[in-house]
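> structure for the following, please:
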Amino acid sequence: MSDFRQKLPALSHNALRIVAGFLFMQHGAQKLFGVLGRDAVELMSLRGAAGIIEFFGGILLMVGLFSRPVAFICSGQMAFAYFMVHLPQGFWPIMNGGELAAFYSFTWLWFFAHGPGKFSLDAKMGREG
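Predicted coordinates:
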């Protein structure tokens, strides 16, 4: 059991990156391809740019490639979404619908600061440890 407890931080670090990247990618797929219950948005719009960042950023984060710069961009995109779309509708995230944007912003900020983990392509390529 002790061996498992020692491995748990690395496993959970990587599991969070993979699952969050997969979920984030789905938001981009909705916007870009009009799948998963949504219509596609205009590609040359702010929502289209958000879709590109979410789809490709989610994939890159899922596999752990270029993780720190991608996480920084995704975090900024989510902060921008929160302040431009949600905050004008009220202060509290649970009331303005912005809790997911805030959560993603801080999740990606955490990965920017801590890196992708040892089970990532960045680690395999010797860029992260």
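
> tell me which element Leu109 is part of?
Taking DSSP states H and E as the criterion, the element that holds Leu109 is helix 99-114.

> go ahead and name everything in contact with that helix.
When contacts are taken as C-beta atoms under 8 Å, 6 or more residues apart in numbering, the neighbours of helix 99-114 outside the stretch itself are 13, 16-17, 20, 24, 61, 67-68, 71-72, 74-76, 78-79, 81-82, 85-86, 93. From N, CA and C alone the C-beta is placed, and that goes for glycine too.

> just the residues you listed: which are in helices?
Secondary structure assignment (DSSP state H) places 13, 16-17, 20, 24, 61, 67-68, 71-72, 74-76, 78-79, 81, 93 from the contacts of helix 99-114 within helices.

> out of those, which end up buried?
With neighbours counted by 16 or more other C-beta atoms under 10 Å, the ones in helices among the contacts of helix 99-114 contain buried members at 13, 17, 20, 24, 61, 67-68, 71, 74-75, 78-79, 81, 93.

> as JSON lines, these with pLDDT and distance to Gly34 would be great.
Converted to JSON lines, those look like this (pLDDT from 0 to 100; distance: C-beta to C-beta, whole Å):
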{"residue": "His13", "pLDDT": "97", "distance to Gly34": "34"}
{"residue": "Arg17", "pLDDT": "98", "distance to Gly34": "27"}
{"residue": "Ala20", "pLDDT": "98", "distance to Gly34": "23"}
{"residue": "Phe24", "pLDDT": "98", "distance to Gly34": "18"}
{"residue": "Leu61", "pLDDT": "98", "distance to Gly34": "23"}
{"residue": "Ser67", "pLDDT": "97", "distance to Gly34": "28"}
{"residue": "Arg68", "pLDDT": "97", "distance to Gly34": "31"}
{"residue": "Ala71", "pLDDT": "98", "distance to Gly34": "27"}
{"residue": "Cys74", "pLDDT": "98", "distance to Gly34": "22"}
{"residue": "Ser75", "pLDDT": "98", "distance to Gly34": "26"}
{"residue": "Met78", "pLDDT": "98", "distance to Gly34": "22"}
{"residue": "Ala79", "pLDDT": "98", "distance to Gly34": "26"}
{"residue": "Ala81", "pLDDT": "97", "distance to Gly34": "19"}
{"residue": "Pro93", "pLDDT": "96", "distance to Gly34": "27"}
